[in-house]
Every structure is written in structure tokens, then in C-alpha cells.
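J.: got a predicted model here, sequence first, then my questions.
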Amino acid sequence: MRLWTYQTISVLHTLKSNLPHYPTWPDSFWKKAYHWMWEKQKALGYLMLDSAPVWAWHSVKKLHGKPDDECGRNLLSDIEIAGGIVLLELEVPDHLCLLSRYDLWNELMEDLFEDREPPAERVERCFKPDLSTKKKGSKQHFADIQATFPYLDATWLKSWEPFLLLPEE
């Protein structure tokens, strides 16, 4: 499965050394969301290790669409960007990837951060992304699709590019 992920330069160096990368659990407020996603993947029968899941993009703005500068700017802090970020293009085995709708994932996070269990119907819809575009009025609407998986393997790296957007741009 073709995916893209924003990572630090040190992760790229690890992969270029033919070593796998196992993400650490964030110490930030995102930790709760990461744990919830990890538990969900494990409950669905996906291979999960003790490390945090890797987050990546399957489709942005269109099916199989590569993330653009706007996507990166919306996700990354000025501190992260200043420290050096790369966009990795990967080919990850399908059986390791859990796809979900990014828009509905954000709604689920609202529930998680309010210490509420997300409604089962919303969870189910989140993890059944539509892999096609939909007509919404006269315009095309596409719900971005993210993927999570247990680690990064060096053999999955197909290409990379620096994320050159300056902080505050």
C-alpha cells in the first residue's frame, strides 16, 4: 500500500541504515489518542508492538493523493519543522495497515479528550473509508484517508523529500 508519512530526519537516517524504526509514545496530550488507536488496531486483529503506531497518509484531497505543503503545515508545529522534517514515501504491506477517515478521526478525538467513549456508529464509519470520490452538489468532495501501522521498515522506503516550508508560512 502506497503511503506517505512526515518524520524527523533522524528517522530517515535510521531507515537509510537499514534499521527499522519503532516510534516512541508521545509525552504530549496526543498520547491518549495514540493509545486508543493502538488498542483499536489490536482489537481488530492487527499486529501491534509495544511501540506507538506510525501515522501516515493514504489519500489527501483525492484517492492516492500525496500530502501537500498545506497538509504538513496543518499537522506540524514550528518547532518540529525547524528541527527538520522529511516526507517519506512508503510501500507498506496491506495487512499491517488500518485505514481511517481523517475527518471522523478528529471527531473521535474530541470524545476521547472529553473522557467520553466515542459512539460506536461513528467509530464504525471512521474505519470504513470510502476509497472513491463522492459528488457533493456540483463539486467533488473527498474525505482524506490516514493509515496507522506498527513500525517503519527500511525496505518499505521508496523515496523521500525534505519538508521545506518555513515555520509560520
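T.: Cool, the structure landed.
J.: which non-adjacent residue is nearest residue 61?
T.: Distances taken as CB to CB, 6 or more residues apart in numbering place residue 142 nearest to residue 61, at 6.0 Å, with adjacent residues excluded. Any C-beta I mention is one placed from the backbone N, CA and C, and that applies to glycine too.
J.: quick one: neighbours of the one you found, just the number.
T.: Residues near residue 142, counting by other CB atoms under 10 Å, number 16.
J.: now do residue 128
T.: Other residues close to residue 128 by other CB under 10 Å number 12.
J.: distance of it from residue 4?
T.: Distance, residue 128 to residue 4, by CB to CB, to the nearest Å: 22 Å.
J.: how close does the residue nearest to residue 61 get to residue 99?
T.: Distance of residue 142 to residue 99, given as CB to CB: 14 Å.
J.: all strands of this structure, in order?
T.: If DSSP state E is used as the criterion, the strands of the chain fall at 2-8, 54-59, 85-91, 98-101, 134-136, 139-141, 145-149, 157-162.
J.: how big is the angle separating the last one from strand 85-91?
T.: Going by axes from the mean of the first three to the mean of the last three CA atoms, to 10 degrees, strand 157-162 is angled at 160 degrees with respect to strand 85-91.
J.: strand 157-162 pairs with which strands?
T.: The strands beside strand 157-162 in its sheet (DSSP bridges) come out as strand 85-91 (antiparallel).
J.: got it, and the fourth one?
T.: Paired strands of strand 98-101, with direction, are strand 145-149 (antiparallel) (DSSP bridges).
J.: give me the mean pLDDT for the partner strand.
T.: The pLDDT scores in strand 145-149 average 96.
J.: shouldn't residue 52 be in contact with residue 28?
T.: No - assessed by CB atoms under 8 Å, residue 52 is found out of contact with residue 28, at 11.4 Å.
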